[in-house]
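A.B. asks: Need a 3D model of the following:
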Amino acid sequence: MVALRILGGLFAAGFFAAAVVRYRRRQISRLNLIISWAIALGVILLAAWPSLFNPLFDVLHFRPGTGQRLTGALLVAVVVLFALIFRMESIVDSSDRSIRLLVEALGQKEFDWEAARSLPPGRRIVVVSPAYNEAENVAAVIHAMPEEIDGYRVVPIVIDDCSDDGTAEAARSAGALVARLPIRRGGGLALRVGYDIALKLGADIVVSIDADGQHQPEEMPTLVKPIIADEADHVNGSRMLGDFERESLMRHVGVHFFSWLVTILTGQRVTDISSGYRATRAETLRKLLLEQDQFWTSEVTIEALRQHARVLEVPVTFLTRRGGVSKKPKSLRYGWNFTKAIAKTWLR
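C.D. replies: Residues are numbered from 1 along each chain as shown. This is a model prediction of the structure:
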């Protein structure tokens, strides 16, 4: 027991010394220094003069020599630890949300609003393409988009997720309106920026499409016609109902597994939850709560179902990437993070 007390006291002293050094380097606040001091002092006093805590142990009926007092001290330590974890999570969540809102605001500010003012009036389908280092592919995607569908003018916008290869310039040269994010945060945040801009542009329907050439812009009429015909509020383009070029067996199995998982969770059959090719009615889009910065493709559909939107799937064609390098992580990591995204969206 003496050795344990000595070890605990030395650890507490080292913990406090480290906190002082970090405070002097302005790595932690004064409040965190005070919290560290209080914890270290409590542990040192318990290690050096445990009799000081006898009144508290007596109130709790922890008798000496039975191990109850050690158990009580450990219980208090666990409670303090949980309180600190809860405080840390709150700070991290608040900071992360503030950063997201800041990046989204800066991205919208950098949008080509002056060029957008010259858009002709009328009904619009705004096509949002999140893009990171897609200078090799984005122009071909934009050029392949139809100019109008059933009287709706098609307006392409590209959200450049802080690319370093000239993606924004290539998109503008191809005729798209562009917003460039100041830091890279992921396709989900870029998509949210695009959605907000699309609604401010007066879109009637908002389409999302990848900028890497895997989705076929020529199939956009198939995607939006159920919304135009008032048969759906949200439409997913499904490679499983259409055709696709297989990338790998692991990813192919993943598409089936995640679609099955979402079908079980939501009660509606979904065949391709990882599809990023989709169309949403503007009124429906305004109701959706979107928070995922990455692995976001499942979030929009699950949120649409939560809002009791009419969700349909239509057959489309998926091709393999035509150029550049895939930004997706390794299959196992991708699968784990995609599962977490589905769970977070369903549980909130």
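A.B. asks: Domains in this protein, by residue range?
C.D. replies: Structural domains of the chain, as assigned by automatic domain parsing, span the residue ranges 2-105, 115-347.
A.B. asks: Output the below-cut-off pLDDT ranges for the stretch 51-200 of the chain.
C.D. replies: The model of the stretch 51-200 of the chain has pLDDT under 70 over residues 57, 60-61, 64-70.
A.B. asks: Tell me which of the domains of the chain sits most buried.
C.D. replies: Neighbour counts (mean count of other Cβ atoms under 10 Å) averaged over each of the domains of the chain peak at domain 115-347, with a mean of 19. In short, each C-beta sits where N, CA and C put it, glycine included.
A.B. asks: mind listing what residue 123 touches?
C.D. replies: Counting by Cβ atoms under 8 Å, 6 or more residues apart in numbering, residue 123 touches 151-153, 204.
A.B. asks: ok, now with 10 Å
C.D. replies: Applying Cβ atoms under 10 Å, 6 or more residues apart in numbering, we find residue 123 in contact with 148-153, 202-205, 228.
A.B. asks: Would you reformat those as a markdown table and include distance to residue 292 and secondary structure?
C.D. replies: As requested, those are exported to a markdown table (distance: Cβ to Cβ, whole Å; DSSP: H, G, I helix; E, B strand; the rest coil):
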| residue | distance to residue 292 | secondary structure |
| --- | --- | --- |
| 148 | 32 | strand |
| 149 | 28 | strand |
| 150 | 32 | coil |
| 151 | 34 | coil |
| 152 | 28 | strand |
| 153 | 30 | strand |
| 202 | 26 | coil |
| 203 | 21 | coil |
| 204 | 25 | coil |
| 205 | 22 | strand |
| 228 | 28 | helix |
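A.B. asks: and of the residues you listed, the nearest to residue 191?
C.D. replies: Nearest to residue 191 among these is residue 203, at 13.8 Å by Cβ to Cβ.
A.B. asks: Any figure for the gap between the nearest residue to that closest one once chain neighbours are set aside and residue 294?
C.D. replies: Using Cβ to Cβ, 6 or more residues apart in numbering and skipping the chain neighbours, the partner closest in space to residue 203 is residue 126 (3.8 Å). From residue 126 across to residue 294, the span is 23 Å (Cβ to Cβ, to the nearest Å).
A.B. asks: For residue 215, give its distance to residue 73.
C.D. replies: Residue 215 is 60 Å from residue 73, by Cβ to Cβ.
A.B. asks: quick one: average pLDDT of stretch 335-348?
C.D. replies: The pLDDT scores in stretch 335-348 average 83.
A.B. asks: Relative to the whole chain's centre, how far out is that stretch?
C.D. replies: 10 Å (Cα atoms, centre = their mean, to the nearest Å).
A.B. asks: by contact count, what packs against the helix ranked longest in the chain?
C.D. replies: In the chain, assigned by DSSP state H, the helix with the most residues is helix 68-109. Where contact means 3 or more Cβ pairs under 10 Å, 6 or more residues apart in numbering; DSSP states H and E, helix 68-109 is packed against helix 2-24, helix 30-48, helix 54-59, strand 152-160, strand 177-180, helix 187-200.
A.B. asks: orientation of the first one relative to helix 68-109 in degrees?
C.D. replies: To tie it back to what came earlier, the one meant is helix 2-24. Angle of helix 2-24 versus helix 68-109, following axes from the mean of the first three to the mean of the last three Cα atoms, to 10 degrees, is 20 degrees.
A.B. asks: Pull helix 2-24 out as PDB, backbone CA atoms only.
C.D. replies: Extracted as PDB, the C-alpha positions of helix 2-24 are listed here (Å, rounded to 0.1, in the frame of the first residue of the first chain):
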ATOM      1  CA  VAL A   2       2.900   2.400   0.800                       C
ATOM      2  CA  ALA A   3       4.400   1.800  -2.600                       C
ATOM      3  CA  LEU A   4       1.000   2.500  -4.300                       C
ATOM      4  CA  ARG A   5       0.700   5.800  -2.300                       C
ATOM      5  CA  ILE A   6       4.300   6.800  -3.300                       C
ATOM      6  CA  LEU A   7       3.600   6.000  -7.000                       C
ATOM      7  CA  GLY A   8       0.300   7.900  -6.900                       C
ATOM      8  CA  GLY A   9       1.900  11.000  -5.300                       C
ATOM      9  CA  LEU A  10       4.800  11.000  -7.800                       C
ATOM     10  CA  PHE A  11       2.300  10.700 -10.700                       C
ATOM     11  CA  ALA A  12       0.200  13.600  -9.300                       C
ATOM     12  CA  ALA A  13       3.300  15.800  -8.900                       C
ATOM     13  CA  GLY A  14       4.400  15.000 -12.400                       C
ATOM     14  CA  PHE A  15       0.900  15.700 -13.800                       C
ATOM     15  CA  PHE A  16       0.800  19.100 -12.100                       C
ATOM     16  CA  ALA A  17       4.300  20.000 -13.300                       C
ATOM     17  CA  ALA A  18       3.300  19.100 -16.900                       C
ATOM     18  CA  ALA A  19       0.200  21.300 -16.600                       C
ATOM     19  CA  VAL A  20       2.300  24.200 -15.400                       C
ATOM     20  CA  VAL A  21       4.700  23.800 -18.400                       C
ATOM     21  CA  ARG A  22       1.800  23.600 -20.800                       C
ATOM     22  CA  TYR A  23       0.200  26.700 -19.300                       C
ATOM     23  CA  ARG A  24       3.400  28.700 -19.600                       C
END
